[in-house]
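Student: Just the structure for this:
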Amino acid sequence: MKRLLLTLLLVAAGSVQAQPARLRGYVLALHAYERFDPVGALLFGGARTLTLDLVRARLMPEARLPGGLRLQLAYELNLFYLWTSGLLEGEAPPPPRQLVDLSARLYHDRSTRIAHGIDRLSLRRSFDWGRIEMGRQRIAWGVGRLWTPVDFFNPLAPFEFDQLEKSGADALAVRYYLGLLSDLELVYNPERRGRWHNVAFRWRTHAGTYDLALVGAILRRRATVGLTAAGNLGTAGARAELLWEQNHAISLVLGLDHQFSPRWYGLVEYYRNGRGAARPEAYDWTALASGEAVQVGRDELALLLQYELHPLVQLQALHLRNLNDRSCYTGLQLTWLATQAVDLVLGGWLGEGDRLSEYGLLPDVLFLRGRVYF
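Tutor: Okay, here's the model as predicted:
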């Protein structure tokens, strides 16, 4: 698989010259201030306050190759500057579900890191009966708006503000069309230099106004089976996910969302986390830091309200609450679509709870983010 990814990279370099290619991407700039309580500071590195700057360039060329092949590539260059020196000495953990590391540091000291890497690199071939894709790719399963336990390939936490793209998974994916609204997808995913060989499937169909799916997987030698449903409940949208995972309790997501008017949108979602714990002393912070989990609590509730101040200006409030330790995390975000190619976001997160609670340990955040597309 490592040789395959390197071969795809060489093909990408040659194909962009040989075939008409479409280049798109964006440049992102982020300035953020984070404040921890004393216990959270010890957990996340020792500093009570952090001020950071991030500049990211993401290039996403696509090329059509002979034989009906399509090559997709995503390359990122990141410059990360931390105003508090001495906190960038450790290595960031590699994303799960990847076979080899296709990233490298160009420069690194106690406060600055410049790194680049390949986040997508795949070849896709479409047929009348389905499609085959091989390489590093985005595999996004699940129907939940905020939590997707059946997304086996790098889901994002609802409070992520600096990571906008899901990390790619190194996989061979085959999709077979069973009908107009039905298909079967099979995925083989070697991970961590062949330490694990994961396999997964998703069967999707349609019944009435609902999209239904049955998923299953063997992930790091553990069996997993799940169901998803998404459709309409009256004038509202309804979504549900149910997941059984070997050696863990059942996970469940139930959500409703509704467009109350052209300007008002609301969402409520409940997450029963089978990997989570009801007591703070049992929280698995290591799984959260490594990307294997997006929450450490057992019962989570989210309330989202969105209002359109202007066709180009949107205000969003998201409230996350741990129903077991009663901590909460509230985020506000003001988005301005300055042009068709530029957006600006001013936002922040405020946590409340005991020092050992899930959201009490997370930092209060204020950030300004701008992005230019091309």
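
Student: State the distance from Leu180 to Thr205.
Tutor: Leu180 is 10 Å from Thr205, where distance means Cβ to Cβ, to the nearest Å. Any C-beta I mention is one placed from the backbone N, CA and C, and that applies to glycine too.

Student: ok, the two, which is more surrounded?
Tutor: For the pair Leu180 and Thr205, the greater number of neighbours falls to Thr205 (15 against 7), based on other Cβ atoms under 10 Å.

Student: That one is in contact with Ala229, isn't it?
Tutor: No. Using Cβ atoms under 8 Å, Thr205 makes no contact with Ala229, being 10.7 Å away.

Student: any shared contact partners between these two?
Tutor: Asp211, Leu212, Ala213 (Cβ atoms under 8 Å, 6 or more residues apart in numbering).

Student: The last one contacts Leu227, doesn't it?
Tutor: Yes. Under the criterion of Cβ under 8 Å, Ala213 lies in contact with Leu227, with a separation of 7.0 Å.

Student: of the two, who's got more company?
Tutor: Each of Ala213 and Leu227 has its neighbours counted (other Cβ under 10 Å); Ala213 has more, 21 against 14.

Student: Stretch 130-148: which residues count as buried?
Tutor: 131-139, 141-148 (16 or more other Cβ atoms under 10 Å).

Student: so of those, which ones are in strands?
Tutor: Per DSSP state E, strands hold the following members of the buried residues of stretch 130-148: Arg131, Ile132, Glu133, Met134, Gly135, Arg136, Gln137.

Student: so what's the third one bridging to?
Tutor: Using DSSP bridges, the beta-bridge partners of Glu133 come out as Arg124, Ala173.

Student: who's in contact with it?
Tutor: Neighbours of Glu133 in contact, by Cβ under 8 Å, 6+ apart: Ser122, Leu123, Arg124, Arg125, Ala171, Leu172, Ala173.

Student: how about 7 Å then?
Tutor: The contact partners of Glu133, by Cβ atoms under 7 Å, 6 or more residues apart in numbering, come to Ser122, Arg124, Ala173.

Student: do the last one as well
Tutor: Applying Cβ under 7 Å, 6+ apart, we find Gln137 in contact with Arg120, Ser122, Gly168, Ala169, Ala171, Ala173.

Student: Can you get me a residue count around the fifth one?
Tutor: By that I understand Ala171. 26.

Student: Please identify the helix or strand for the residue nearest to the spatial centre of the chain.
Tutor: Per Cα atoms, centre = their mean, the C-alpha nearest to the average position across the chain is that of Leu156, at 3.0 Å. Assigned by DSSP states H and E, Leu156 falls within no helix or strand.

Student: Repeat that for Leu73.
Tutor: strand 69-82.

Student: angle of that strand against strand 130-137?
Tutor: On the basis of axes from the mean of the first three to the mean of the last three Cα atoms, to 10 degrees, strand 69-82 is oriented at 30 degrees to strand 130-137.

Student: which neighbours does strand 69-82 have in its sheet, and in what orientation?
Tutor: Here, using DSSP bridges, strand 69-82 pairs with strand 49-65 (antiparallel), strand 112-126 (antiparallel).

Student: now those in JSON lines, with mean neighbour count?
Tutor: Formatted as JSON lines, the strands paired with strand 69-82 follow (neighbours: other Cβ atoms under 10 Å):
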{"stretch": "strand 49-65", "mean neighbour count": "17"}
{"stretch": "strand 112-126", "mean neighbour count": "18"}
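
Student: do you know which of these lies nearest Pro280?
Tutor: Nearest of the strands paired with strand 69-82 to Pro280, taken as Cβ to Cβ: strand 49-65 at 22.9 Å.

Student: average pLDDT across the closest one?
Tutor: In this model, strand 49-65 has a mean pLDDT of 95.

Student: which residues of this protein fall in helices?
Tutor: 2-18, 38-44, 285-290 (DSSP state H).

Student: which one of the ones you listed has the lowest average pLDDT?
Tutor: Across the helices of the chain, the lowest-scoring stretch is helix 2-18, with a mean of 51.

Student: and the residue nearest to the centre of the chain, what does it touch?
Tutor: With Cβ under 7 Å, 6+ apart, Leu156 has these contacts: Gln163, Lys166, Val294.

Student: Neighbour-wise, which one of the residues you listed leads?
Tutor: Val294 (23 neighbours).

Student: quick one: contacts for Gln259?
Tutor: So Gln259 contacts Tyr265 (Cβ under 7 Å, 6+ apart).

Student: any idea how far it is from Glu308?
Tutor: Using Cβ to Cβ, Gln259 is found at 11 Å from Glu308.

Student: same question, Val215
Tutor: For Val215, the distance to Glu308 - Cβ to Cβ - is 35 Å.

Student: quick one: which of those two has more around it?
Tutor: Using other Cβ under 10 Å as the criterion, Val215 and Glu308 rank with Val215 on top: 24 against 14.

Student: Could you pull up the contacting residues of the more buried one?
Tutor: Trp141, Val150, Ala200, Phe201, Arg202, Gly226.

Student: Pull out the buried positions in stretch 70-80.
Tutor: Buried-residue list, stretch 70-80, by 16+ other Cβ under 10 Å: Arg70, Leu71, Gln72, Leu73, Ala74, Tyr75, Glu76, Asn78, Leu79, Phe80.
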